[in-house]
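Enquirer: Sharing a model that was predicted from the sequence below.
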Amino acid sequence: MTSPHSTTPSLAQRREGFLVGAAVGASLAAATAHALDVDAVRAGLVDGAVVPVAPAAGRHRAPVALADALLEELIGGGVDLRRLAQRWVAWHQADGLDADPCLDEALTHLATYDAPPLVLTAPGLAPLAAALPAALTSSSPQGMVVGAFHVARLLDPSEESALTTVAVVVAAARMLEGHRDFIADVLAVMRANDAPASLLEAIARVPRDPKAPPAVPLGDSASPTAAVSWILWNVHHRPRGVQLLEQMVLAGGVSVTVGAVLGALIGARD
C-alpha cells in the first residue's frame, strides 16, 4: 500500500489495489472468520502473526469467485445477467468455498429454476462482494448504479441487500477516482433511490463521530446495513489500511465477504 510520503497512486494502481485488496481481505478474514473468543483468534494466527489463509489449489473463496465472474463479463464487453448467473452456479457446483447459507440458497434456486429467488430466509451479504467490479464502470454513473442493483438482485431480492450493495459500489467508485469524501455521494444515490430512513441514518452517522465505531458485524448472518455501516466507518476514519486489516483479523468473527469488501475499498483508497 502507498505510504503517506509516496506519490499519489494512479487510476491503474487504484484499480489493481481494489481487485487485489478484495482477495487479500477475504483471505485475511478467513483466518478468524469463525473465531468468537480470544483463544479461537489466537488459534487462527500463524506463529502469533496475522497472515492471509490461502485457499486450496484450484479453489476460490465465494466473494472472489462472484466478483471475478462479473469482472469477466465486463472485460468481455457487456454484462449478460443470465450468463453471469450461470458462471456463479458453475462455481457453486464445482467449488462453493465459503458460500454462506443465503448464498447457497440463492445459487441452488438459480440452478434449479434458472431464475433468481423471490424471497430468501434473510438478507444476505454475498451481493456486497459480487457487484464490486461495477465500481470500475463509474464513467457511466447511472449505468453503474443500475448494474450494481440488478447484479445484487440476482442473489437476493431484498431491498436492503440491493441498496447496500449500491452504496458500497458508489463508495468504491469515488475512491477509485482518488477521492476520500464518499459519504455525500453515497447518500445522494440512496435518496434518489428512496432508501429507507434506517439505511440513510446509518450512512449519515458514519462521519459524525470518529471515536464511536459501529459494532463489528459478526458472522454470515450480520445484516447488510450493519456490515456496510462498519465498513464505511472504518474506511472513512481509519487512514492506516494495513493496521485496519490486522485489527479485523484480531477482532475475530468477521466473514470473508465483509473482509473482501473492506480490503477492496482500502485498496481503492490507498
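Expert: Good, I have the coordinates. Numbering: from 1, shown residues only.
Enquirer: out of everything not next to it in sequence, what's closest to Gly253?
Expert: Leu218 (4.1 Å; C-beta to C-beta, 6 or more residues apart in numbering). All C-beta atoms are positioned from the backbone trio N, CA, C, and that covers glycine.
Enquirer: Next: Leu163.
Expert: Per C-beta to C-beta, 6+ apart, closest to Leu163 is Ala195, 5.0 Å.
Enquirer: likewise Glu160?
Expert: Closest to Glu160 by C-beta to C-beta, 6+ apart is Pro123, at 4.8 Å.
Enquirer: which residues touch Asp104?
Expert: Neighbour list for Asp104: His92, Gly96 [criterion: C-beta atoms under 8 Å, 6 or more residues apart in numbering].
Enquirer: So what's the gap between the strand or helix carrying it and the chain middle?
Expert: If you go by DSSP states H and E, Asp104 is part of helix 101-113. For helix 101-113, the separation from the chain centroid amounts to 19 Å (computed by C-alpha atoms, centre = their mean, to the nearest Å).
Enquirer: do stretch 135-144 as well
Expert: 17 Å.
Enquirer: List the buried residues for stretch 62-78?
Expert: Ala62, Pro63, Val64, Ala65, Leu66, Ala67, Asp68, Ala69, Leu70, Leu71, Glu73 (16 or more other C-beta atoms under 10 Å).
Enquirer: actually stretch 12-28, sorry about that
Expert: Across stretch 12-28, burial judged by 16+ other C-beta under 10 Å covers 14-15, 17-19, 21-28.
Enquirer: gap between stretch 80-89 and the chain center?
Expert: 19 Å.
Enquirer: Can I get that stretch in PDB, CA atoms only?
Expert: Provided in PDB are the C-alpha atoms of stretch 80-89 (Å, rounded to 0.1, in the frame of the first residue of the first chain):
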ATOM      1  CA  ASP A  80     -25.400 -10.700 -19.600                       C
ATOM      2  CA  LEU A  81     -27.100 -11.400 -16.300                       C
ATOM      3  CA  ARG A  82     -28.200 -14.900 -17.300                       C
ATOM      4  CA  ARG A  83     -24.700 -15.800 -18.300                       C
ATOM      5  CA  LEU A  84     -23.400 -14.200 -15.100                       C
ATOM      6  CA  ALA A  85     -25.800 -16.300 -13.000                       C
ATOM      7  CA  GLN A  86     -24.600 -19.400 -14.900                       C
ATOM      8  CA  ARG A  87     -21.000 -18.600 -14.100                       C
ATOM      9  CA  TRP A  88     -21.900 -18.400 -10.400                       C
ATOM     10  CA  VAL A  89     -23.900 -21.600 -10.500                       C
END
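Enquirer: what does that stretch contact?
Expert: 65-66, 69-70, 72-73, 107, 110-111, 114, 116, 130, 150-151, 154-155.
Enquirer: Tell me the one among these nearest to Trp233.
Expert: Ala130 (22.2 Å; C-beta to C-beta).
Enquirer: Not counting its neighbours along the chain, what's nearest that closest one?
Expert: Looking at Ala130 with C-beta to C-beta, 6+ apart, the closest residue is Leu66, at 3.7 Å.
Enquirer: which residues does that neighbour contact?
Expert: By C-beta under 8 Å, 6+ apart, the residues touching Leu66 are Trp88, Trp91, Ala126, Ala129, Ala130, Leu155.
Enquirer: which one among those gets closest to Ala167?
Expert: So of the contacts of Leu66, ranked by how close each gets to Ala167 (C-beta to C-beta), first place is Ala129, at 13.4 Å.
Enquirer: if I pick Phe149, what's in contact with it?
Expert: For Phe149, the contacting residues are Ala162, Leu163, Thr165, Val166, Asn193, by C-beta under 8 Å, 6+ apart.
Enquirer: hmm, try it at 10 Å
Expert: Contacts for Phe149 (C-beta atoms under 10 Å, 6 or more residues apart in numbering) come out as Pro127, Ala131, Ala134, Glu159, Ala162, Leu163, Thr165, Val166, Val169, Asn193.
Enquirer: Let me see the ranges of the helices in the protein.
Expert: Taking DSSP state H as the test, the helices found in the chain are 11-32, 38-44, 62-75, 81-94, 101-113, 126-130, 141-155, 159-176, 183-192, 197-204, 224-237, 241-251, 256-269.
Enquirer: Thank you, goodbye.
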